[in-house]
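Q: with the sequence up front, the predicted model follows.
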Amino acid sequence: SFLPLGPGGEGGGKWDGIVALNGRLYCCPRNAAGVLVVDPEEGPVIWEAAVGRGANKYMGCIADERNGLVYCAPLDADMVLKIDADPAHAPRSRAKMLEELGLRAQTSLL
């Protein structure tokens, strides 16, 4: 089956490389404005941390289970991207954030 991405999932070549850590999947942002994080229980969410805009930023990633970090290799970016994969710091889905605020999501995309 397929999981719809919702806003921010348009265009081509968005992510390049995927790694599993702490029960989630992390996708390296190549042309996307953020890291794609897929939680099997909450669904996908695009984590728009400071990865910048533009094309060919990062390509490929690796997880370090010792410290709970994901590292993305720079393609045209100037630095290695370091992602804190601690579940307490990870992004929540749009639906989960609305639920915590006592609101109801108008769509089921995220």
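A: Received it, and whenever you're ready, just let me know what you need. Numbers count the residues shown, from 1 in each chain.

Q: not counting its neighbours along the chain, what's nearest Leu25?
A: Closest residue to Leu25 apart from its sequence neighbours, by C-beta to C-beta, 6 or more residues apart in numbering: Val38 at 4.1 Å. (Glycine included, C-beta is placed from N, CA and C.)

Q: correct me if wrong: that neighbour contacts Leu3.
A: Yes - contact criterion C-beta atoms under 8 Å: Val38 and Leu3 qualify, at 7.2 Å.

Q: mind listing the shared neighbours of those two?
A: Residues within reach of Val38 and of Leu3 at once, by C-beta atoms under 8 Å, 6 or more residues apart in numbering, are Pro44.

Q: tell me the contacts of the closest residue to Asp76 other than its chain neighbours?
A: Nearest non-adjacent residue to Asp76, counting by C-beta to C-beta, 6+ apart: Asn56, 4.3 Å away. Applying C-beta under 8 Å, 6+ apart to Asn56 gives the contacts Arg30, Asn31, Leu75, Asp76.

Q: doesn't Asp76 fall inside a helix?
A: No - using DSSP: H, G, I helix; E, B strand; the rest coil, the assignment for Asp76 is coil, not a helix.

Q: fine by me, we can end here.
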